[in-house]
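Student: One predicted model, sequence on top.
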Amino acid sequence: MKHLSKLMAFTMSTITPLLASAGTWEGPLTGITSQIVTQGYQAYSASSKSLQDLSSALCASPSAQTLEAAKTAFKINAQDWQQVQWLNFGPVTYFMRYYAFEYWPDKKGVTQRQLRALAQGDPSIMDAPKFWTSASIAVRGLTAIESLLYHPDFTPVQSTSHCLLLEKITAHHAKSADAVFKQWQEGKAEDWVFDEEGMGFDPEKVALEQFLQQWLEHMSAVKDAKLETPIGYNGRENLKLAEFYRSNLSLKAIQKNVQTYREIYHTGSPSLFDLAKQSDANLAEQLEQQLTENTKLALQLPDDFFHGNYTKEQRFDLAQPLVKSISNSQSYLSSLVTKLGFQIGFNSRDGD
Amino acid sequence: MKRLLTPIAICVTGAMLTACSPAALKNESAAVTAHSVVIHYADIAEAVYTDSLTTAQTLRTAINTLLANPTEANLKAARTAWIAARVPYQQSEVYRFGNPIVDEWEGKVNAWPLDEGLIDYVAADSYGTESDLNPLYAANVIASTSLVIGGVKVDTTNITPELIAESLQEADGVEANVASGYHAIEFLLWGQDLNGTNPGAGERPATDFDVNNCTNGNCDRRRDYLVAATDLLISDLEEMANNWKQGGAARVALLEQTPEQGLATILTGMGSLAYGELGGERTKLGLMLHDPEEEHDCFSDNTHWSHYYDAKGIKNAYLGEYQRVDGSWVKGASLSNLVAKQNKQLDNEMKQKLNDTEAAAQAMVDAAGKGQTFDVLIAMNNTKGNQLVQNFVDSLVDETRTTEDIIHLLNLEGIALEGSDSLDNPSAVFDN
């Protein structure tokens, strides 16, 4: 997922860690790495392979049925992605995989334009060594696959070149997802942090700090890019800016994201929640309640929230409680990570 | 209100247009304070926006000549004037971030990228005919005497600066509807670059402006659009040049802050332009997408120079100097002086980083001179070209790290630098 506007702030504050002994962070770090990230990528890898297989089946026998099967596989895969989307860290950062898994929002139609160019060109170039690891992020992952399956400009059932493109992209996508899974399976989060200052550091803490930073930023992205922007919360409504709008996954994606947030909070022994309670029981509980509220409010939104016949004002009213709830979650989480002794500059995708 | 002129301010007074003497600079350097640095920063702004205005007026003159006699030679001269106009303007971009008055205004003159089909004819096979996100994607106002914008019918019979500014710019709330500014004019002078990532810029013929021998239709309206867009650019630049004069809104807003807040403004501009905007949005994203549409000056293939002068502007802001278009220098109290007083080594490091960035930008300029313009450099499989662009990104990132160190040295709080996700892990993105 691409985020074009991010603020990097440099804070000067000195924070005294409250839970500073070695091994303090092993519980949540190991838990999140194992149960959220590695298992998440395992599922994502498996559904990517299924998508690849069903795309091949579509191209071998093009029909409405095989197209529908490929679309179903796409939806499962895109939802699996939502489980791990919050973390742009570790193996997913290689070869621009994170951005390639989902190039969004594509405000300029780059994906369709580049897909058209690829479909019109010599298909053998796609078999060249290193083609896919250096190809444009717009044509390597879910956004491109969604376009090929759902955009009216592409007709994989009728067009051999479109279907071939779908096969090539899904094959690369599956290979890429599997590579990330295997790297997580074989390594750990601490492998991906470095003692840049050469002054010694706690790799578990630094890795968890990265996780928390990513989590906070993702919350902003969910609130702003996924929810507020398409419904015109602070400007003009453009529902086509919603994530996976064409495949009607926009709301399901948000629901999955906020469910994952609560899992992040409670995974591991001890979990972040457990450690937070030791540091500030009241704040820990406030975050817990807000994360629960996020899930409840997201699930309460009507299934046709992004596609139904609502006025802008109606959508605004429906979304407002969730927007406020996620915003509160951001505040509580920000306060909590500071209390826990993490130095996170307000590196935010948030426009507030 | 009478203006109080410091020795440095006298040096930058437009009427004098003479370089300051080294002796005068030395005295000023010894007395450098945060306040004098901020004052001089405003003086450079006045000079650079004044130069932007005068070069835009020169462009207007060249366009008059083109329209009076639409020959290829006169079109080439107008293009040359446009490229010359970019030299001071790009050096002004360091003022955008940190100065809200500039940032709010900037979109009128330098917004990009644009859905150029809003303005004029385009090649349908590559551009397409519609966009999910922009109902006016191929509206072609030059060919239309009315348009429906946001459900409202707009009379476009007369193409005027007012029509462009009030109805067409960001029409329907879509940012890609860039109807005004340098890039709209660039599109009119060059036309679409249909070469993809191969060498070559736009090739609009001069006869597109020739009412007696018109190509591609609507030459009269295309001429009207070119004149209106250029006049609008001039009035917008005039506004900003006035904003930086004594008593002007931007200067007043800057100086109403404490001197430390003024320094924070300077560093915000430097870091945000280097990191998020130039390094990220304008350069790294182009590498990630290998897409010529991600080129800043995509019609003219002048991006190498635009990037060079953006980087130059950052260097100017740090060194407190600017070479005007007439060749004279504006020099005075600088952030560099201030940093050197506290940490000479850090000042030297910053100067070295700025020189490294300039060298990396110069390498792109040199490549362009051999036919490898920015859109060619970012092409997939152009490994050497990609690396050249990556070097520029890396140097900007490196420079920003030192900017952070300066922020810490000067104990400036609450500085937010514009960032870019595309820069998160630049060393790991390419399969070497």
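Tutor: All right, it came through fine. Numbers count the residues shown, from 1 in each chain, chains lettered A, B, ... in the order given.
Student: all contacts plus neighbour counts: C-alpha atoms, from now on.
Tutor: Will do.
Student: Just the closest residue of the stretch 151-300 of chain A to chain B, please.
Tutor: Nearest to chain B in the stretch 151-300 of chain A, going by C-alpha to the nearest C-alpha, is A:R236, at a distance of 6.3 Å.
Student: any residues touching stretch B:376-386, and which ones?
Tutor: Applying C-alpha atoms under 8 Å, 6 or more residues apart in numbering or on different chains, the set of residues contacting stretch B:376-386 from outside is A:134-136, B:197-199, B:286-287, B:290-292, B:372, B:388-389.
Student: low-confidence ranges in the chain?
Tutor: No chain was given, so I picked chain A. Applying pLDDT under 70 to chain A flags the ranges A:1-22, A:197, A:345-352.
Student: switch to chain B, that's the one I care about
Tutor: B:1-30, B:419-432.
Student: and after the longest helix seen in it, which helix or strand comes next?
Tutor: The longest helix of chain B (DSSP state H) is helix B:34-68. Moving toward the C-terminus from helix B:34-68, the next helix or strand (DSSP states H and E) is helix B:72-92.
Student: tell me the angle that next one makes with helix B:34-68.
Tutor: If you take axes from the mean of the first three to the mean of the last three C-alpha atoms, to 10 degrees, helix B:72-92 sits at 170 degrees to helix B:34-68.
Student: Can you tell me the centre-most residue of the chain?
Tutor: You didn't pick a chain, so chain A it is. A:Q85 (2.0 Å; C-alpha atoms, centre = their mean).
Student: not what I meant, chain B
Tutor: Central residue of chain B (C-alpha atoms, centre = their mean): B:Q90, at 3.7 Å.
Student: quick one, strands of chain B?
Tutor: With DSSP state E as the criterion, chain B has strands at B:146-149, B:152-155, B:321-323, B:329-331, B:416-419.
Student: Over to stretch B:90-102 now: how far is its first residue from its last?
Tutor: Using C-alpha to C-alpha, to the nearest Å, the end-to-end distance of stretch B:90-102 comes out at 13 Å.
Student: need the residues of the stretch 151-300 of chain A near chain B, please.
Tutor: Proximity of the stretch 151-300 of chain A to chain B, by C-alpha under 8 Å from any C-alpha of the partner chain, involves residues A:R236, A:N238, A:K240, A:L241.
Student: Quick one, which of those residues are buried?
Tutor: Those of these that meet the buried threshold are A:N238, A:K240, A:L241, by 16 or more other C-alpha atoms under 10 Å in any protein chain shown.
Student: Torsion angles phi and psi at the first one?
Tutor: In terms of degrees, to the nearest 10, the main-chain angles of A:N238 are phi -150, psi 90.
Student: is it true that it touches A:I231?
Tutor: Yes - A:N238 lies in contact with A:I231 (C-alpha atoms under 8 Å); the separation is 6.2 Å.
Student: count of neighbours near B:K153?
Tutor: 10 (other C-alpha atoms under 10 Å in any protein chain shown).
Student: Same check on the one 5 residues further on?
Tutor: Other residues near B:N158 come to 14 when the count uses other C-alpha under 10 Å.
Student: now swap in B:T33 and tell me
Tutor: 17.
Student: quick one, what contacts it?
Tutor: B:A333, B:L338.
Student: Kindly provide the distance from it to chain A.
Tutor: 23 Å (C-alpha to the nearest C-alpha, to the nearest Å).
Student: Against the centre of chain B, work out the most remote residue.
Tutor: Going by C-alpha atoms, centre = their mean, the residue of chain B most distant from its centre is B:N212, 35.3 Å out.
Student: gap between it and B:V227?
Tutor: Relative to B:V227, B:N212 is positioned 18 Å away (C-alpha to C-alpha).
Student: Who are the contact partners of the nearest residue to B:A333 once chain neighbours are set aside?
Tutor: Counting by C-alpha to C-alpha, 6 or more residues apart in numbering or on different chains, B:V37 is the residue found nearest to B:A333 once chain neighbours are left out, at 4.8 Å. By C-alpha under 8 Å, 6+ apart, the contact list for B:V37 reads B:L263, B:G320, B:G332, B:A333, B:S334, B:L335.
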